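S.K.: got a predicted structure plus its sequence, pasted below:
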Amino acid sequence: MITKILLSVGELLAIALLVLVILRVKNDQEVSKIWRSLEGVPAENHFTKDMVAELPAPVQRYFLHTIAPFTPLASGVNLEMSGSFRLGQDKPWLPMQAKQIISEQGFVWKAAIGRSLFQMVGADYYANKSGRMRFSLWGLIGLVNAHSPDIARSSLGRLAGELVLLPSALLPQRGVTWKAIDEKTIKASLNIDGEPVTLTLVIDTDGKLLKLSLPSWGNQTDDGSYTYIPFGGEYQEERTFGGFTIPSQISAGWWFGTDRYLEFFRATITQAEFL
């Protein structure tokens, strides 16, 4: 009798594991499909100084620093990164490895956070006016599966902020309006899927990007309700990949610039391939 019970339990566990594996494969296929849809086509035009000649001097300085002359104007970028991530102010920092694609139409961030028995695997994306955050323990046991208009709006803000990793998407020829607040503070106004977004960039005298901030839709509030929250990051280092000089060491979080700042993301970009 005991043997039969153990066999039955084993069969049920095997079936449950098979279901989890099937779900993971299905989720991975969905993410891969979105990833492919963002790859776009190779750029045909190249960057020239004339493209930014009518912009305020500090904005010109930023673009001339971040895009080398005659660099193909990429429509997307594939990134590889490593770093650390935490789920709250009082939570430990966990190791993180991730790959990401960013285009003007959206992004996909595929990550493994944590290690061994406590590793979370999943993806965060925005595409076609839809956003989702889905992570599982070992990629099998569901932990987070958030998909709502609020998640989409929050993900849209993330896309806007991360376009500094795809500088060609911020050129005025792409519909972005720029103004200079002072010699080291510049603002970009853009529209993504009908949502206006304003980015504030702080640069140095050479045009190197030091900080970025924007109001982003989030629920990092006392009661968990969604509202626009100051979000931003600092950039400690930069690297040049294929003619683009982009931040390579990043720290970011909610309530940026306030005494409530919650830094939860630290990353070093190790590879960048512009599409």
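M.R.: Received, thanks.
S.K.: where along the protein do the helices fall?
M.R.: Per DSSP state H, the chain carries helices over the ranges 2-37, 57-66, 149-162.
S.K.: buried ones in the second one?
M.R.: The one in question is helix 57-66. 58, 59, 60, 61, 62, 63, 65, 66 (16 or more other C-beta atoms under 10 Å). The way it works is simple: take the backbone N, C-alpha and C, and place the C-beta from them, glycine included.
S.K.: what's the mean pLDDT across it?
M.R.: For helix 57-66, mean pLDDT rounds to 98.
S.K.: just give me how far it sits from the chain centre.
M.R.: Relative to its chain's centre, helix 57-66 lies at 23 Å (C-alpha atoms, centre = their mean, to the nearest Å).
S.K.: for stretch 247-266, same thing?
M.R.: 13 Å.
S.K.: contacting residues around it?
M.R.: With contacts defined as C-beta atoms under 8 Å, 6 or more residues apart in numbering, stretch 247-266 is touched by 83-89, 93, 164-165, 209, 213, 216, 218, 220, 229-239, 267-269.
S.K.: wait, which of the buried residues of helix 57-66 is closest to residue 179?
M.R.: In terms of C-beta to C-beta, no member of these lies closer to residue 179 than residue 59, at 7.7 Å.
S.K.: any idea how far residue 88 is from the nearest residue to the closest one once chain neighbours are set aside?
M.R.: In space, residue 59 comes closest to residue 178 once its chain neighbours are excluded; the distance is 4.6 Å by C-beta to C-beta, 6 or more residues apart in numbering. From residue 178 across to residue 88, the span is 36 Å (C-beta to C-beta, to the nearest Å).
S.K.: please apply the same query to residue 34.
M.R.: 28 Å.
S.K.: wait, residue 39 touches residue 101, no?
M.R.: Yes. Using C-beta atoms under 8 Å, residue 39 is in contact with residue 101, at 7.0 Å.
S.K.: these two: who's more crowded?
M.R.: residue 101 (25 against 13; other C-beta atoms under 10 Å).
S.K.: on that earlier part again, ok, how many other residues are close to the residue nearest to residue 59?
M.R.: With other C-beta under 10 Å as criterion, residue 178 counts 23.
S.K.: likewise residue 130?
M.R.: Neighbours of residue 130 (other C-beta under 10 Å): 17.
S.K.: one more: residue 156?
M.R.: Neighbours of residue 156 using other C-beta under 10 Å come to 23.
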